[in-house]
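Enquirer: A structural model of the following input is requested.
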Amino acid sequence: MQSALKRPRLISIICILGFIWIVFSFPSVFSPSIKKMGDWYPALFGLIVASSFISYIGVWHMKRWGVQLFIITFFMKETLLILLEDLSYVGIAFSLFFLISMLFFYRRMDLNL
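Expert: Sure thing, here's the model as predicted:
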């Protein structure tokens, strides 16, 4: 029987901040301003928010798939924002900080689901 991996404090802080971001982002999926961006945008934005939430859960449990999903979601989100010409450099900086922090602890994370 494997012992549970101890989650570093930085990962806990990142996940809590990520969960807070999700709580505030999810209602905006249904907002009229998102709908005005195109018929397809609310669905893609909802997918990005849901993928982010799932990735934070994986990272919270110290699973490598959480970091991998975070990377996929990061590039999906940034590609979409580039196409819409709606880049947020502060958002990119926070996401890159989160990503680098997660990668720092990646070797300590569990390979199993």
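Enquirer: roughly how far out does the host helix or strand of Trp65 sit from the chain middle?
Expert: Taking DSSP states H and E as the definition, Trp65 sits inside helix 64-83. Taking Cα atoms, centre = their mean, to the nearest Å, one finds helix 64-83 lying 7 Å from the centre of the chain it belongs to.
Enquirer: Buried residues in it, which are they?
Expert: Across helix 64-83, burial judged by 16 or more other Cβ atoms under 10 Å covers 64-67, 69-70, 73-74, 77-78, 80. For the C-beta atoms, the positions are set from N, CA and C on the backbone; glycine is no exception.
Enquirer: For it, give the mean pLDDT please.
Expert: Helix 64-83 carries an average pLDDT of 92.
Enquirer: What helices and strands are in contact with that helix?
Expert: Contacts defined by 3 or more Cβ pairs under 8 Å, 6 or more residues apart in numbering; DSSP states H and E place helix 64-83 against helix 41-60, helix 89-104.
Enquirer: Can you add mean neighbour count and give those helices back as a markdown table?
Expert: Conversion of the helices and strands packed on helix 64-83 to a markdown table gives the following (neighbours: other Cβ atoms under 10 Å):
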| stretch | mean neighbour count |
| --- | --- |
| helix 41-60 | 18 |
| helix 89-104 | 14 |
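Enquirer: will you turn these into JSON lines that also has mean pLDDT?
Expert: JSON lines is the format used below for these (pLDDT from 0 to 100):
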{"stretch": "helix 41-60", "mean pLDDT": "93"}
{"stretch": "helix 89-104", "mean pLDDT": "91"}
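Enquirer: quick one: which of the ones you listed is nearest Ile20?
Expert: Each of the helices and strands packed on helix 64-83 was scored for nearness to Ile20 using Cβ to Cβ, and the closest is helix 41-60 (10.2 Å).
Enquirer: Run through who's touching the closest one.
Expert: Applying Cβ atoms under 8 Å, 6 or more residues apart in numbering, the contact partners of helix 41-60 are 7, 11-12, 14-15, 18-19, 21-22, 25-26, 28-30, 34-35, 64-67, 69-70, 72-73, 76-77, 80, 84, 102, 109.
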